[in-house]
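In: Here's a sequence, model it:
(2 chains)
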Amino acid sequence: MKYQKPTINRVDFALASKYGSPLKSQKIKSSIDGVSVNELTKEYGSPLFVFSQRAIEEKYNELHEAFSSRYPDVQFWWSYKTNYLDAICQVFHNLGSKAEVVSEFEYQKARRLGIEGKDIIFNGPYKQKEFLKQAALEGAKIHIDHLYEINDLEDVADEIGQEIKVAIRCNMDTGIYPQWSRFGFNIDNGEAYEAIKRIYEGKKLILTGLHSHIGTFMLNANAYGQETKKLIELKNRVEEEFGYNIEYIDIGGGFASKSRLKGVYQAPEVIVPSADEYAEAITNAIFEHNKGNLPKLFLETGRALIDEAGYLLSSVFASKRMPDGKKSYIIDAGVNLLYTSFWYNFDIMLDKRYEGINEPSQINGPLCMNIDIIAENIMLPPLDRESVLTIWPAGAYSVTQAMQFIRYKPSIVLIDKESKVHLIKDADDLEYIVEKEHMPEVLK
Amino acid sequence: MQKLNFLLKAYFSILFLSDCKAGIVLLALSFLLPSVGTLGLVAIFSSIIFAEIISVRDEYLKHGFYLYNSLLVGMGVGYYFDITLSTIILTAILASLTFLFTFALNRIFLKYSIPILSIPFSFVAMIFYLASLKYTNLLSNILHRKPLFDISLPLEPFFKSIGTIFFLPYTISGLVITLLLLLYSRILFLMAILGFGVGVAVHTIFVPFCDAVNSPYNFNFILIAMSLGGIFLIANVRNYLIAMIAVAMSAVLIDSMEVFLNTYSLPVYTMPFNIITILFLMLTVAIGYKYYNYNPKETPEKSLNAFLSSIYRFGGNDIKINLPFIGEWSVYQSFNDKWTHKGPWRYAYDFVVRKNGKTYKDEGHFLEDYYAFGKDITAPINGYVVDIRSDLPDNFIGNVDRVNNWGNYIIIYSNYGYYVEISHLMQNSVTVNIGDYLQVGQIIAKCGNSGYSPEPHIHIQVQKYAVLGSETIPFKFIDYIHNNRLNYYKLPKTGEDIKATTVDKATQLHLTFILDDKFKFIDNRDKEYTLTVKMNDIGEFYFCDGVNKLFFYLDNKLFYFYEYQGSESYLKELFKIAPKIPLTGQEVEYEDTLPIDLRYNKIKSSLMEFIISFNYKLFNKKEIYKKDKLKITSKYGELSFCFYEKGFNSISGKNFTLKRINEENSLNR
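Out: Model prediction:
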């Protein structure tokens, strides 16, 4: 052991047991699905995003089972924005998921992966007319967000000379805060009903679905019960009044994962509802309130399916003692890769057991920015240079929101069910980054 | 017609049968001696009139024994006297008296749940005997009584003896009765012959053979053997043996009663049968003998079939509870297992969650690393919460709480009289209160690590009393899925990964039938076939196609058919194709055992029902059924549902297909 500058710490007493000392305050993760984290970084560089196919499939099957065992017609739509790496999308499509996209870029990416138009839900507040036309021609499920879009779609319908099947996005009060009222039409004040009336009177669009997304990281399963109830009541009403046949209701996503939201005291194991609780609340509400034909149930779960299957491996680059006595580590992954660290606390795990006692530490990223802090207060034993830290869960949004800022974006690997490692994205290099740049002649 | 039924019931009940046609034959047969036939009828009518006068119609309508005791008294009078006005009056008086006796005795016997058999008849027969000693003016036909006709056959003593049951001790009557028994029940037939044989054989040990074989009271052997060997006890080898022991006892009892009663000019008649049978029933009812026939059907064969169905299809009378969780868990300890499930606490289960062979991720140093920690715990039974504790902390991994062994717990009382206890719950995770009524599947707490628990797990046991730590009793799990196989009423083994079933409410709605729901089908010969949902007077629901009936029941988690009445039909095929329909949305395989009458044609099944009484295992022939989302398939065919419609969408068997044609019974209408 190297020399460490002495620090003063409060000593905790606890009894030893057959499992060893209860002072097991070192969280250790030496391997992912049987592949050593040190070998991964040695082979593919550090930092490194790692995805576990096994974890994805387990989570998908758990959620799918929770719903399909309670409801006869359930369809999952992979939310592209959560993680649209080709390989990850393909894992979900192989499992039976279809695609949910929110932009023309995501739409094109899904089409590129061979997903047919009819298997794509086209969501979002910003859909240009030309892409609406493509989506309409290819039979995609277009979810209308605002009245302008109704006009646009009616123009498209005239242009292509056929009626277009559409769904509308709704928002409502489900008893949670904040209420997501930015998207779609409000049910509570009658806006959604008026929009449907408008669609009906336009006679160019056919309403076949109702969609809502009440928020993200929802810790209250009952909110989904409320949401479903309101959607079903709207369905009953428009079926009766306009004679529409609502084929599906889409209750969106937002199921919480085991990330620790900052400011939430209890552990995620305690407060995050299980898949069954979500499923029970949603399917009960349908059975309780539905009149007429049962609708298909669509889910656009993103975070809950992928977050826990993603890891970010990072290596300690340097350490220093700050003036207040706190130990500070500089690692090679920062907020450029973990945008979400502003609102989530991550589990940070060590690659092996380290000698020495825990002391208050801070983990900083490699950016030359004061805000680049991954963990502000964490108890860590003295780490070595090149110690590999596993940051988890990092599967949702971190790849799609990662910035090419100051440093190159890292490689990404997928570990398959046989514990084989596959490179699914190369690290950026200078060539790639400057590819689209142009130097005006005058500057040369 | 219904009134005629009550009349005939008196006749066939004497032979423990339940078919009007048998009643007609026996009624006709009783006129072999016209005085027996006539006064028998007089007795029935007079007790009906008596009952009507004091308006207790319900009583005699409900219970067959009111009328058959009177009938026996009437036939008894007819056996001794010719038909005259005075004998008719005497019969009427005695029959009414029998009614009173029957009523009074039934009051007493009811308390012990024991039938009164023909005790009232035995009493009134004694009264009749003693009184008639003074009635010298009555014309006795005892000297010139002869049947209208008779035949001679070997085994005459047997036929005469069985004929004596109806006061017709002739070969021809004995033959008819024997054939009736053979026709309706091979088991009763066997018992009649075996009872007679064993009784006479035992008797021969003590008296000369010709005395034994010609004793007028040998019919007691037959009645005892039939009642214990198939009617009141379930037909099997053990009960056949019990019946024969009873017969042997009665041989001695008959002699003793004969000596005693004849001293006072009293008849023995069916007294030995009544005494012996009731003594045996007293014992078997009191100890809760598992082969007592709690649910008697028309014949011993049907009772046996129903009994075996309840055991092999529905887990018998054992305590049955649901799994206390959702999703897939692994058995850590089962009954009588190696760590803590021992002695009075051996009937308990421990569950953990295991993935890839481990119960935790990473190094397992933290509670949160354990897959089970924080998982939902659900109510395993319907019942009231009687006790709760939820303040104990969850131990660090490696520590146990030796003081509060059980940790945080919930005790639930079942209406069936037992308690279910669940232990080691997470601190402050219990969401129900003492006194709450729980429904199966309701989330009540989270799995934790409180009490004597080295790592997060749950412990469940069924116990006798509400006290924490009271003695445990055996139970079974209603259903669980292991390797995609849905098991019913079984116990998983230690180390097995099992999954709880979830109820798919759409399937439940598909199978929630309401009275007079009609389902029209068209078969592959373009003929219409309509099923109607009906209910009988004891509240059993069935499908009826006009002639045949298929009885069904919808449980919390299971829809099943349990009885079929009728001949070959699509309904019978439906029973075979899907005898059980799990209400789960999961795609699973499961086993079921078809009742005997469903498996074979009439002749073969009547033979098999008899053979199975010697070896129950022959009943247990399992068929595999496969449930997909909206479909059940088996080797008998396929049953499918429509997503939007109640009822069955199509039924297809070996050489037929039924397709639904109208949409009247929409799911939510």
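In: When you work out contacts or count neighbours from here on, use the C-alpha atoms and nothing else.
Out: Will do.
In: Quick check, central residue of chain A?
Out: residue A:303 (3.0 Å; CA atoms, centre = their mean).
In: Give me the neighbour count for the spatially closest residue to that one that is not a sequence neighbour.
Out: In this structure, residue A:303 finds its nearest non-sequential neighbour in residue A:396, 5.2 Å apart by CA to CA, 6 or more residues apart in numbering or on different chains. When counting by other CA atoms under 10 Å in any protein chain shown, one arrives at 24 neighbours for residue A:396.
In: Next up, the contacts around residue 33.
Out: In the absence of a named chain, chain A is used. Applying CA atoms under 8 Å, 6 or more residues apart in numbering or on different chains to residue A:33 gives the contacts A:52, A:54, A:415, A:419.
In: To clarify, I was referring to chain B.
Out: Contacts of residue B:33 (CA under 8 Å, 6+ apart): B:79, B:145, B:146, B:147, B:148, B:168.
In: Report the secondary structure state of the residue nearest to residue A:303.
Out: coil (DSSP: H, G, I helix; E, B strand; the rest coil).
In: show me the contacts for it.
Out: A:82, A:83, A:302, A:303, A:306, A:307, A:310.
In: Could you rerun that using 7 Å?
Out: Residue A:396 makes contacts with A:82, A:83, A:303, A:306, A:307, as judged by CA atoms under 7 Å, 6 or more residues apart in numbering or on different chains.
In: Looking at those, spot the one nearest residue B:59.
Out: Using CA to CA, residue A:303 comes nearest to residue B:59 of the contacts of residue A:396, at 69.8 Å.
In: Enumerate every residue touching residue B:443.
Out: B:376, B:377, B:378, B:379.
In: nearest to chain A, of those residues?
Out: residue B:376 (7.4 Å; CA to the nearest CA).
In: separation between the closest one and residue B:455?
Out: As judged by CA to CA, to the nearest Å, residue B:376 and residue B:455 stand 16 Å apart.
In: And for residue B:389?
Out: In terms of CA to CA, residue B:389 sits 19 Å off from residue B:455.
In: Please apply the same query to residue B:604.
Out: 57 Å.
In: Buried ones in stretch B:341-353, by neighbour count?
Out: By 16 or more other CA atoms under 10 Å in any protein chain shown, the buried positions in stretch B:341-353 come out as B:341, B:345, B:346, B:347, B:348, B:349, B:350, B:351, B:352, B:353.
In: Thought residue B:331 was touching the fifth one, still the case?
Out: In this case it means residue B:348. No: counting by CA atoms under 7 Å, residue B:331 is not a contact partner of residue B:348; they are 10.8 Å apart.
In: Could you say which helix or strand holds the residue lying closest to residue B:102 once chain neighbours are set aside?
Out: Of all residues not flanking residue B:102 in the chain, residue B:120 sits nearest, at 5.4 Å (CA to CA, 6+ apart). Using DSSP states H and E, residue B:120 sits within helix B:119-132.
In: Can you list the neighbours in contact with that helix?
Out: By CA under 7 Å, 6+ apart, helix B:119-132 touches B:69-70, B:72-73, B:94, B:98, B:101-102, B:266-267, B:269-271, B:274.
In: related to what we said a few turns ago, and the residue nearest to residue B:102, what pLDDT?
Out: On pLDDT, residue B:120 comes in at 94.
In: how many neighbours does it have?
Out: Neighbours of residue B:120 (other CA under 10 Å): 27.
In: on that earlier part again, filter the contacts of residue A:396 down to the ones in helices?
Out: A:303, A:306 (DSSP state H).
In: Output the set of residues of the stretch 51-200 of chain A in proximity to chain B.
Out: By CA under 7 Å from any CA of the partner chain, the residues of the stretch 51-200 of chain A that approach chain B are A:68, A:69, A:70, A:71, A:72.
In: Make JSON lines out of the residues you listed and add neighbour count and pLDDT.
Out: Converted to JSON lines, these look like this (neighbours: other CA atoms under 10 Å in any protein chain shown; pLDDT from 0 to 100):
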{"residue": "A:68", "neighbour count": "24", "pLDDT": "87"}
{"residue": "A:69", "neighbour count": "24", "pLDDT": "84"}
{"residue": "A:70", "neighbour count": "27", "pLDDT": "87"}
{"residue": "A:71", "neighbour count": "28", "pLDDT": "88"}
{"residue": "A:72", "neighbour count": "22", "pLDDT": "83"}
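In: ok, so of those residues, who is nearest residue B:626?
Out: Closest to residue B:626, out of all of these and judged by CA to CA, is residue A:69, at 15.3 Å.
In: Next, the contact list for the nearest residue to that closest one once chain neighbours are set aside, please.
Out: Distance criterion CA to CA, 6+ apart; nearest residue to residue A:69, sequence neighbours excluded, is residue B:585 at 3.9 Å. For residue B:585, the contacting residues are A:68, A:69, A:70, A:71, A:72, B:503, B:504, B:629, by CA under 7 Å, 6+ apart.
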